[in-house]
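Undergrad: how does the following fold in three dimensions:
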Amino acid sequence: MCSSVPGIYAAGDAACGLDFSTGDYSVQAVQPTAVDHGRIAAANMVRHGSVLHQGCINMNVLDTIGLISVSYGQWQGVEGGDHSSLLDRDRFRYINLQFEEDALIGANTLGITQHIGILRGLIQGQFKLGKWKQRLMDNPMLVMEAYLAATQGA
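TA: Residues are numbered from 1 along each chain as shown. Alright, predicted model coming up:
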């Protein structure tokens, strides 16, 4: 998180960081990224540049009049990728999952707050889902089960 000026460091909204999902550098103006940047900048101030930034996942969580929306990773998808979505208009609930091959690369939810940390874990962990990709394509609400299977080798 050092700048082009020796001894000057930046974090959060003042820093371009590696986007885990795309490999590009951009400003990710969200609190978890700022915390990660701050930790790295502080460590490098003390250790003189020995800690490298491994990238942050692009994310956003918004509360709009009590309706929570979440976006992680490449929520717009990638060319040739698959997606799965589920919409319940009457209850204001929506989930959309984006895949590249058999890995989850992005997600959006609206009004669904359970397991949003699991979505982040699946995306950031770059887990190969195998048969669980099709299960998520059929029912995108099975993210907890897919995460347990992916992390336990099932």
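
Undergrad: and the least confident helix or strand in the chain by mean pLDDT, what does it pack onto?
TA: Between all helices and strands in the chain, the lowest mean by mean pLDDT, DSSP states H and E belongs to strand 17-18, at a mean of 81. Other helices and strands packing on strand 17-18, by 3 or more C-beta pairs under 8 Å, 6 or more residues apart in numbering; DSSP states H and E, are strand 25-26, helix 31-47. For every residue, glycine as well, the C-beta is placed using N, CA and C.

Undergrad: could those go into TSV alongside mean pLDDT and distance to residue 138?
TA: What follows is the helices and strands packed on strand 17-18, written out as TSV (pLDDT from 0 to 100; distance: least, C-beta to C-beta, whole Å):
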stretch	mean pLDDT	distance to residue 138
strand 25-26	84	34
helix 31-47	86	31
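
Undergrad: for residue 8, find the nearest of the ones you listed.
TA: Nearest to residue 8 among these is helix 31-47 (9.9 Å), distances taken as C-beta to C-beta.

Undergrad: the closest one - contacts with which helices or strands?
TA: strand 17-18.

Undergrad: distance from the chain centre to the strand it packs on, please.
TA: 13 Å (C-alpha atoms, centre = their mean, to the nearest Å).
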